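1. I'd like to go over a predicted model; first the sequence, then the structure.
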Amino acid sequence: MLEYEGTAGELTRLLGLVHPPLAITFASGLQEDVPYFDDPFPSPAPGDRTGRVAAGCVFWIKAAERTFATAPEDHGNCSVGSLTHGLMTLEEAAEQADVAALVESKWVSPEVLPDIPTVKARPHSIIYGPLSETPVDPDVVFLRLSAKQLMVLHDAWPSLRVEGKPQCHIIAIAKEQGEIAASVGCMLSRARTGMSASEMTCAIPATSVAALVERLRSVREADDRVAGYAAADAKRFG
């Protein structure tokens, strides 16, 4: 397994991150050395829909503090997230009451559901935690970003994809398509996670992180030079 503490530190330094980079791993078997997330299940919604958190994106918030594994049923309260993470088929998701509510609200139309990127193989578990302490090689590195931080990242990686709703599908893009993808977020996720109005997110294939860090170093050096020039030039204006 690679050492990720230094990589996490470099991403944090170069981008000026407030929240730690996260590691997300889709595991095909039991992870005996990783504790499972064990918050209690709430009472189910109509149709017996429930999960340990309101939606899988809430695990991004929890994972800033510790590493844990999740079972498929832990994600079950959000059918959209279960679909994007390979935990539910399109046919199963389309029959769920929460998806029906989203369609009825006109937040999404049934026609777009087949085009949402998804993880192909159903995982046995999904492991979340700070990148700096990941016990396994991750599939995806996940960042919470400001507009300025996304600016720097885009300068370093011009082919970066910028996506909209649902926010969680950038995880599938990074894992299955091998592309770095940012999201402007979605109201469903913002309401459930409590992320600030100024935050965006980004999913990076773990195999691309080393190259990204090298590019970020060059971009950061150039930005620092330009910022110094602009500050000196601005003194003429009082």
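-> Looks like it came in fine.
2. For beta bridges, what are the partners of the most centrally placed residue in the chain?
-> Most central in the chain under C-alpha atoms, centre = their mean is F142, positioned 4.6 Å from the mean C-alpha point. Note on F142: beta-bridge partners by DSSP bridges are L22, A203.
3. can I assume it is in contact with P20?
-> No. Contact criterion C-beta atoms under 8 Å: F142 and P20 do not qualify, at 9.9 Å. Every residue, glycine included, has its C-beta placed from N, CA and C.
4. for the residue nearest to the centre of the chain, what are its contacts?
-> P21, L22, A23, I24, W60, I171, T201, C202, A203, I204 (C-beta atoms under 8 Å, 6 or more residues apart in numbering).
5. What of R161?
-> I170, I173, E179, I180, A181, A182.
6. Could you dump the residues you listed into CSV and include distance to V226 and pLDDT?
-> Formatted as CSV, the contacts of R161 follow (distance: C-beta to C-beta, whole Å; pLDDT from 0 to 100):
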residue, distance to V226, pLDDT
I170, 29, 98
I173, 31, 98
E179, 28, 98
I180, 23, 98
A181, 27, 98
A182, 22, 98
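7. In helices, which of those residues appear?
-> The helices, defined by DSSP state H, take in I170, I173 from the contacts of R161.
8. Please tabulate the contacts of R161 in a markdown table, including the columns neighbour count.
-> As requested, those are exported to a markdown table (neighbours: other C-beta atoms under 10 Å):
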| residue | neighbour count |
| --- | --- |
| I170 | 26 |
| I173 | 22 |
| E179 | 18 |
| I180 | 25 |
| A181 | 22 |
| A182 | 23 |
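9. If you count neighbours, what's buried in stretch 123-143?
-> 123, 125-132, 134-136, 138-143 (16 or more other C-beta atoms under 10 Å).
10. Looking at those, which are in strands?
-> S125, I126, I127, Y128, G129, P130, V140, V141, F142, L143 (DSSP state E).
11. From A69, how far out is the closest residue to the third one other than its chain neighbours?
-> The reference is to I127. What sits nearest to I127 in space, not counting adjacent residues and going by C-beta to C-beta, 6 or more residues apart in numbering, is T25, at 4.2 Å. Distance from T25 to A69, counting by C-beta to C-beta, to the nearest Å: 9 Å.
12. what touches both of these two?
-> Counting by C-beta under 8 Å, 6+ apart, the contacts common to T25 and A69 are I126, I127.
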